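Participant: need coordinates for the following:
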Amino acid sequence: MSLHRVFADGFSTKPTRGSQIFWLSLSLTVAAIYGILFLQQAFANEYVVQDDARQHVFWMRRFLNPELFPDNLIADYFQSVAPWGYTTFYRLFAAVGIDPMLLAKLLPFGLGLIAAGYGYFVSMQLLPAPLTAFLSSAMIQQVIWTHDDVASATPRAFMPALFLAFLYYLLKRQLAPLLVTIALEGLFYPQYVFVFAGLLVLQPLHWQSGRIKLSQNKKDYWFCAAGLGVAVLVMLPYALTASEYGPTLTAAEARTLPEFNAGGRSRFFYDDRPLYFWFAGGRSGIFPAFRPATLAIGILLPILMRFPNSFPLVRQITPHIRLLLQIIIVALFLFFAAHLVLFKLHLPSRYTAYTLRYVLAFATAFSFGLIFHGGLQSLKRAPSNMFKRLWVWGIAILAGVALLIYPNTVPNFPRANHIQGRIPGIYEYLAQQPKDTLVAGVAGEVDNLPSLTNRSVLFSREYAIPYHVGYANQFRQRVEDFIRAQYTRNAQELLSFIRTYNINYFLVERSSFNPDYPDSNWIRQYPEAVNDAKANLEQGRPVLRRMVNPCTVVEDREQDLVLLQSRCIVQRLES
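Facilitator: Got it, this is the predicted structure:
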């Protein structure tokens, strides 16, 4: 089969079975290649862990050994907020001996393949041409692997595959699998059930003769009612169950907390940059990260659709294309609703960032397909024009290559946000200590200890997620108590801290006793305790500083870190 025939059949709205298998296989191949690149990163070193897995996955090692992380605030909190289906999924694999942290490294590969398949089939419902379906699937893979959502293996990692599955069954009007998909979404990533419900509500509405009209088909209403019924049922437990860590913060409360303002761990507000807040804020904006850049091509689709004579493939676009507009409408509605009831529906950007990326992924694929197909049709009208043939094929090949190899130009592609642990000696030492060992410190490496050593930490920056009042208050108290204990010049205050929290080890940087350290570290978002620390540093050496040399059990000079044994500290201060 000639190259021209392959591409020509790829644009056929009545493709052969062989053509469909070819383009679907190519779609899955692209997904597999990206997935393999991800796996190479994930298994590059013994001490590699995905950023968000440090929050949402580490505690599930309790399924393998219930003695891990005993009475640990952080592990208990993240276990309490994990959706039931997500927890059960990992629990089932743990029951047959599969380490949750290992599963978290393998899972994204499979989720990427599922998303690739459903992306292909959704595209075929919107524009039934296998080549554009392949491009849609490839663009979806670029969206997935230029962000770390799927790579995280957290609840939101399941969203792309389930979202695309929902769209497919919605377009095909297949009720049973649609209901299953809604239920699964509620069990794995419940906030996106609102997106599903919004799309269901819009289904009986049609644009006809310049007016919105209701469907005359009763089956449309039964279909939507069934979907909404499942949505309500799966969300009911979340609505009726109160968190043991108290209510979520209000917008007014969040504004008073340093964590949500400039320099904070969970910055949300940008009063000095209102446009950034509404359009590009990571938690507050409509489109916080425009990646991949090739999505910009999708903006051309509405323009191209106005010129069917130049781009004949436009005529093959099905009425289902309105689904893309419906997704935009629902996403924007939920975005503003989330701002109105801030944090009750979690983060506003979650409703637009994900959905709009997939809308643009389809739009980009269709735009490229329309342009390329238009070029092929022009060749048919002038088959002997060699210059035109070279021009069309040259542009098509260059554009296609650019579209597919673009990720190679993105630094650290796939953007899995893997974290490389840098203190193996300290990890190995702590992993050999009793399972109830508790470590305290403000150094960045404390973030990695639960995942890489299976030992608890009192707190760390990674776990400073202040959305529930009860958790946030306890967490803040611990950080402030530690700051005062690390920099106190009163031995009794340090001893009291150790006994109150049953601290076994301190992981500290030698440089943390320099006068400028408190203002350069993430703890600056606790200004009262930091001011006390700076005052103590100005007046003399803190007690803990004097314990560094005699009580260090492991040191990593390259990372400027020392692990201090609390038992040694207590003995020296009491002697």
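Participant: any weak-confidence spans in the stretch 101-250 of the chain?
Facilitator: In the predicted model, the stretch 101-250 of the chain carries pLDDT under 70 at residues 209.
Participant: then the chain?
Facilitator: Scanning the chain for pLDDT under 70 picks out the ranges 1-9, 13, 209, 379-396, 398-400, 402-403.
Participant: centroid-nearest residue for it?
Facilitator: In the chain, the centroid-proximal residue (CA atoms, centre = their mean) is residue 149; its distance is 2.8 Å.
Participant: wait, that one sits on residue 157?
Facilitator: Yes: contact status for residue 149 versus residue 157: in contact at 5.9 Å, counting by CB atoms under 8 Å. For glycine as for every other residue, the C-beta is placed from the backbone atoms N, C-alpha and C.
Participant: what about residue 21, neighbour count?
Facilitator: Residue 21 has 12 neighbours, counted by other CB atoms under 10 Å.
Participant: tell me which element it falls in.
Facilitator: Using DSSP states H and E, residue 21 sits within helix 17-42.
Participant: buried residues in that helix?
Facilitator: Across helix 17-42, burial judged by 16 or more other CB atoms under 10 Å covers 19-20, 22-24, 26-28, 30-31, 34-35, 37-39, 41-42.
Participant: still on that earlier bit, next, give phi and psi for the residue nearest to the centre of the chain.
Facilitator: Dihedral pair for residue 149: phi -60, psi -60, per degrees, to the nearest 10.
Participant: show me what contacts the residue nearest to it when sequence neighbours are not counted?
Facilitator: Using CB to CB, 6 or more residues apart in numbering and skipping the chain neighbours, the partner closest in space to residue 149 is residue 156 (5.1 Å). By CB atoms under 8 Å, 6 or more residues apart in numbering, the contact list for residue 156 reads 149, 189, 350.
Participant: for the nearest residue to residue 101 once chain neighbours are set aside, list the residues it contacts.
Facilitator: Once flanking residues are discounted, residue 101 sits nearest to residue 57: 6.0 Å by CB to CB, 6+ apart. By CB under 8 Å, 6+ apart, residue 57 lies in contact with 50, 90, 100, 101, 104, 153, 154, 451.
Participant: surely residue 228 and residue 198 touch.
Facilitator: No: the criterion here is CB under 8 Å, and residue 228 misses it with residue 198 at 10.1 Å.
Participant: tabulate the CA atom coordinates of stretch 342-359 in CSV.
Facilitator: C-alpha atoms of stretch 342-359 as CSV (Å, rounded to 0.1, in the frame of the first residue of the first chain):
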residue,chain,number,x,y,z
LEU,A,342,-14.0,28.2,47.7
PHE,A,343,-12.5,24.9,48.8
LYS,A,344,-15.9,23.2,49.2
LEU,A,345,-15.5,21.9,45.7
HIS,A,346,-11.7,21.7,46.1
LEU,A,347,-9.6,23.8,43.7
PRO,A,348,-11.3,25.8,40.9
SER,A,349,-8.5,25.1,38.4
ARG,A,350,-9.2,21.4,38.5
TYR,A,351,-12.4,21.8,36.6
THR,A,352,-11.0,23.8,33.7
ALA,A,353,-7.4,22.8,33.4
TYR,A,354,-8.0,19.1,32.7
THR,A,355,-11.2,19.4,30.6
LEU,A,356,-9.9,22.3,28.4
ARG,A,357,-6.7,20.4,27.7
TYR,A,358,-8.7,17.5,26.3
VAL,A,359,-11.0,19.8,24.3
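Participant: and the strands in the stretch 401-550 of the chain?
Facilitator: Using DSSP state E, counting those that start in this stretch, the strands found in the stretch 401-550 of the chain span residues 418-420, 438-440, 456-457, 505-509.
Participant: same check, this time on the stretch 251-400 of the chain
Facilitator: Counting by DSSP E, counting those that start in this stretch, no segments of the stretch 251-400 of the chain form strands.
Participant: so the residue nearest to residue 149 versus residue 180, what's the distance?
Facilitator: Residue 156 sits 20 Å away from residue 180, going by CB to CB, to the nearest Å.
Participant: do the same with residue 419
Facilitator: 35 Å.
Participant: got it, and residue 254?
Facilitator: 37 Å.
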